[in-house]
Every structure is written in structure tokens, then in C-alpha cells.
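Participant: Here is a sequence with its predicted model. Questions after.
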Amino acid sequence: MKRLGLLDMLQLAVGFSMAGPMFFLGLSFLQAGELVGGVAFLALGAFALYFPTYLLNRIGGPRAWIRRRLLGSEDDEPSDTERSSPLDRFR
């Protein structure tokens, strides 16, 4: 079993800190009988819990990101003619 590293724990802490209040609101809405609001906040909390993981996976993980920033090589970056728009990274 793989152990959690420092960056993995930081990622979990960010996810829980964003999702915790939304889960609390969702549960309190459900207890008050407001089904739509409760389910909406629970879904928003689930999204916020996994959003940092999604972002880190999009940039290649923490180790790849740090390696790119610290050891950035010249041949990895495209030239000015090959450079794509910022929106192409999300496709």
C-alpha cells in the first residue's frame, strides 16, 4: 500500500476545508426538510472535495509540476510559432 506524502495530505486538507462547510449546510438543509437545497449542497461538497485532485491530475501531479518548474528544459517548451492558446490545455 502506498503511503500518503506531504503533498497528498495537503491536497486532502484543501479538499476537506472547501467541502466541509458545504456538507454541513447540506445536512442541515436535509434535517430542516429542504430536500432540493440539501442535495444541492451535498453534490457541491462532493465536487469541491475532488476538485483539487482533478486539478493536480490535469497538471501532471505534484512531482511532475515541481520537476517542470525547477528543472525546466529548453526542448520541452514549444517555440513561439508552435505555442498554443491557453484554452488548448483544457481540451
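Facilitator: That came through, no problem. Numbers count the residues shown, from 1 in each chain.

Participant: Now that we're looking at the residue most central in space within the chain, what pLDDT does it have?
Facilitator: With distances taken as CA atoms, centre = their mean, Pro52 lies nearest the centre of the chain, 1.6 Å away. pLDDT for Pro52: 77.

Participant: and if you look at Ser85?
Facilitator: Reported pLDDT for Ser85: 67.

Participant: helices or strands up against the helix ranked longest in the chain?
Facilitator: Assignment by DSSP state H gives helix 6-31 as the longest helix of the chain. Applying 3 or more CB pairs under 8 Å, 6 or more residues apart in numbering; DSSP states H and E, one finds that helix 6-31 contacts helix 35-58, helix 61-71. For glycine as for every other residue, the C-beta is placed from the backbone atoms N, C-alpha and C.

Participant: Tell me who's in contact with Gly37.
Facilitator: Shown in contact with Gly37 (CB atoms under 8 Å, 6 or more residues apart in numbering): Gly26, Phe29.

Participant: And the pLDDT for it?
Facilitator: Per the predicted model, pLDDT is 93 at Gly37.

Participant: State the distance from it to Met18.
Facilitator: Using CB to CB, to the nearest Å, one gets 18 Å for the distance from Gly37 to Met18.

Participant: what does Gln11 give?
Facilitator: From Gln11 over to Met18 (counting by CB to CB), the distance is 11 Å.

Participant: list residues touching both of those two?
Facilitator: The contact lists of Gln11 and Met18 share Pro52, where a contact means CB under 8 Å, 6+ apart.

Participant: So which bits of the longest helix of the chain are buried?
Facilitator: For helix 6-31, a neighbour-count test (16 or more other CB atoms under 10 Å) marks Gln11, Val14, Gly15, Met18, Ala19, Met22, Phe23, Leu25, Gly26, Phe29 as buried.
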